[in-house]
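Student: Prediction below, plus the sequence it came from.
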Amino acid sequence: MYKIKRHISQVLEKRFKNNIAISLSGARQVGKSTLCDHIFANVKKVNFDNKILRLTAVDDELGFLNKQGTPLFIDEAQKVPSIFEAIKNKIENDKLKYGSYILSGSQKLKLHHGEETLAGRVSVNELSGLSLREINDVDFNKHFIPTEKYLSEREKHIKKYGDIWEIIHRGQYPELYENKEKEWEDFYSSYVSTYLERDVADLINTNNLLTFMKFMTCVAARTGNILSYSNIASEVGVDEKTISAWISILVRSNIIYLLKPYYNSHLSRAIKSPKIYFRDTGLACYLTRWLTKETAQNGHMAGHLFETFVVNELIKSFSNAGEKYDFSIFYYKGKDKKKKRIKTDGNVVEEEKEGEIDFIIQEGDKLYPIEIKDTESPSASMASEFDVLDMDIDKHRALGVILCTYPEKLYLRDNLVCLPIEYI
């Protein structure tokens, strides 16, 4: 029996009916195969994890597809990159109907590389770990955008989530919720071993797997921080070029997300490096050895873990609703804000301060700044950097948000609202 209602289900069903092919990417064990098996139970499935099937397909891609027929669900499709060209040929020559192919894979950019061949012919979708809405069976599936309309609709489905840090530490892989007896450390130990053996070993020299493990731990310790190749390279003991290639592997396999910085000609002093976010806080806790909820909540990484968790929930609200987000979400850090004039020993001096906005949602010509705080005592001063966005004369700063653990919605100013994370 399929236990957990995944919010992207309706999106996939609709897009399968209206596209010749759809794809679904996501990290290992987020439930891609289980979900597709449940939604498309009557569709024939082949899995390229099977070496014999894989070799058969590589030997004659078109022949393989002709023999399998349509509709067809190809799991781990990225393991035979040439299959995308064959599907393109069939689309162009065989006049395929809507609902012909489902392509699933855990190596996002490998799959997407193939989709460049299938540009305009495949609907691209992403599945993450369970969202708070899914864990708590909240029947609401619109992407977070703090308009009055969104907030009004979201309030009709509010549920209190209880101990958020229990979820932050446990992580959000479905198996940990379908099997409540599953041991946390055993799950993540097996997860990391499987990831290294199946997703990494064929991409790097196997002699470097232990070093790659050290690299993963270093990156996990930096979740919620600005990416610095040189700092990671120094700690891991490899060159920056290698770190860059390995970061790409983590991105491709959906282990991390790189949040782009917000800058333009009016914000000329913004930092232009991305921020790193682990896709699953449980995995980040495992790698950095925060072995209990209490140590994670009270440790020096607590603020970054909470921010990572909330950023992931925001991203999931987009992807589960079938919305693209890569060019809609950003962060800001820089020195664009006007200098403050202060008095020191009777003399007036100028103080330059670097400001940061944790998360920015761009929708049309509006910018929604968001501050993320693990606090029950929000204040307007936490949003003191939001006005830097007023320097962007091409965009309009809309309602600002402080996402925190305060128990209810609270307007701190006309253009600033405090929201519990239940509103995501």
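Tutor: That came through, no problem. Residues are numbered from 1 along each chain as shown.
Student: Identify the residue spatially nearest to residue 417, adjacent ones excluded.
Tutor: Of all residues not flanking residue 417 in the chain, residue 411 sits nearest, at 5.1 Å (Cβ to Cβ, 6 or more residues apart in numbering). C-beta: built from backbone N, CA, C; applies to glycine.
Student: Report the next helix or strand after the host helix or strand of the one you found in sequence order.
Tutor: Secondary-structure element containing residue 411, defined by DSSP states H and E: strand 410-413. Next helix or strand after strand 410-413 toward the C-terminus (DSSP H and E): strand 416-420.
Student: which other residues reach that following strand?
Tutor: Strand 416-420 has contacts (Cβ atoms under 8 Å, 6 or more residues apart in numbering) with 146, 151, 378, 380, 383, 386, 399-412.
Student: The same query, at a cut-off of 7 Å, please.
Tutor: Among residues not part of strand 416-420, those counted as contacts by Cβ atoms under 7 Å, 6 or more residues apart in numbering are 146, 378, 380, 383, 399-412.
Student: same check, this time on stretch 379-392
Tutor: Stretch 379-392 is touched from outside by 264, 266-267, 332, 336-337, 355-357, 367, 369, 371, 373, 397, 400, 402, 412-413, 416, with contacts defined as Cβ under 7 Å, 6+ apart.
Student: could you give me the average pLDDT of that stretch?
Tutor: In this model, stretch 379-392 has an average pLDDT of 93.
Student: Ok, stretch 247-267 next?
Tutor: The model assigns stretch 247-267 a mean pLDDT of 92.
Student: do the same with stretch 327-344
Tutor: Averaged over stretch 327-344, pLDDT sits at 79.
Student: List phi and psi for residue 336.
Tutor: Phi and psi for residue 336, reported as degrees, to the nearest 10, are phi -80, psi -20.
Student: Let me see the contact set for it.
Tutor: Contacts here follow Cβ under 7 Å, 6+ apart; on that basis residue 336 touches 267, 268, 269, 270, 388, 391.
Student: How many residues are close by the third one?
Tutor: A count of neighbours around residue 269, defined by other Cβ atoms under 10 Å, yields 13.
Student: same thing with the last one?
Tutor: Neighbouring residues of residue 391 were enumerated by other Cβ under 10 Å; the total is 15.
Student: coming back round to it: which strands and helices sit next to the strand holding residue 411?
Tutor: Taking 3 or more Cβ pairs under 7 Å, 6 or more residues apart in numbering; DSSP states H and E as the contact definition, the neighbouring helices and strands of strand 410-413 are strand 416-420.
Student: Within the sheet, what are the partner strands of the strand it packs on, with directions?
Tutor: Strand 416-420 has the following sheet partners, assigned by DSSP bridges: strand 400-404 (parallel), strand 410-413 (antiparallel).
Student: if you compare those strands, which one is most tucked away?
Tutor: Among the strands paired with strand 416-420, judged by mean count of other Cβ atoms under 10 Å, the one packed with the most neighbours on average is strand 400-404 (a mean of 25).
Student: Do me a favour and average the pLDDT over that one.
Tutor: Along strand 400-404, the predicted local confidence has a mean pLDDT of 98.
Student: on that earlier part again, any chance of the strands paired with strand 416-420 in TSV with distance to residue 294 as columns?
Tutor: Rendered in TSV, the data for these read as follows (distance: least, Cβ to Cβ, whole Å):
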stretch	distance to residue 294
strand 400-404	20
strand 410-413	28
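Student: To residue 64, which of those lies closest?
Tutor: Minimum separation from residue 64 across the strands paired with strand 416-420 (Cβ to Cβ) falls at strand 400-404, 48.2 Å.
Student: Please compute how far the closest one lies from its chain's middle.
Tutor: Here strand 400-404 is found 20 Å from its chain centre; the criterion is Cα atoms, centre = their mean, to the nearest Å.
Student: One more: stretch 417-424?
Tutor: What separates the centre of stretch 417-424 from the centre of its chain is 19 Å, taken as Cα atoms, centre = their mean.
Student: between the strands paired with strand 416-420, which gets nearest to residue 216?
Tutor: With respect to residue 216, and counting by Cβ to Cβ, the nearest of the strands paired with strand 416-420 is strand 400-404 at 27.7 Å.
Student: Surely residue 174 is in contact with residue 5?
Tutor: No. Look at residue 174 against residue 5 with Cβ atoms under 7 Å: they stay out of range, at 11.4 Å.
Student: Looking at the two, which one has more neighbours?
Tutor: With neighbours defined as other Cβ under 10 Å, residue 174 and residue 5 compare such that residue 174 has more, 19 against 13.
Student: Not including adjacent chain positions, what is the nearest residue to that one?
Tutor: residue 31 (4.6 Å).
Student: who touches the one you found in this structure?
Tutor: 6, 127, 174.
Student: Of these, which is the nearest to residue 21?
Tutor: Nearest to residue 21 among the contacts of residue 31 is residue 127, at 16.5 Å by Cβ to Cβ.
Student: Now the phi/psi pair for the nearest residue to the closest one once chain neighbours are set aside, please.
Tutor: Distances taken as Cβ to Cβ, 6+ apart place residue 26 nearest to residue 127, at 3.8 Å, with adjacent residues excluded. The phi and psi torsions at residue 26 (degrees, to the nearest 10) take the values phi 170, psi 160.
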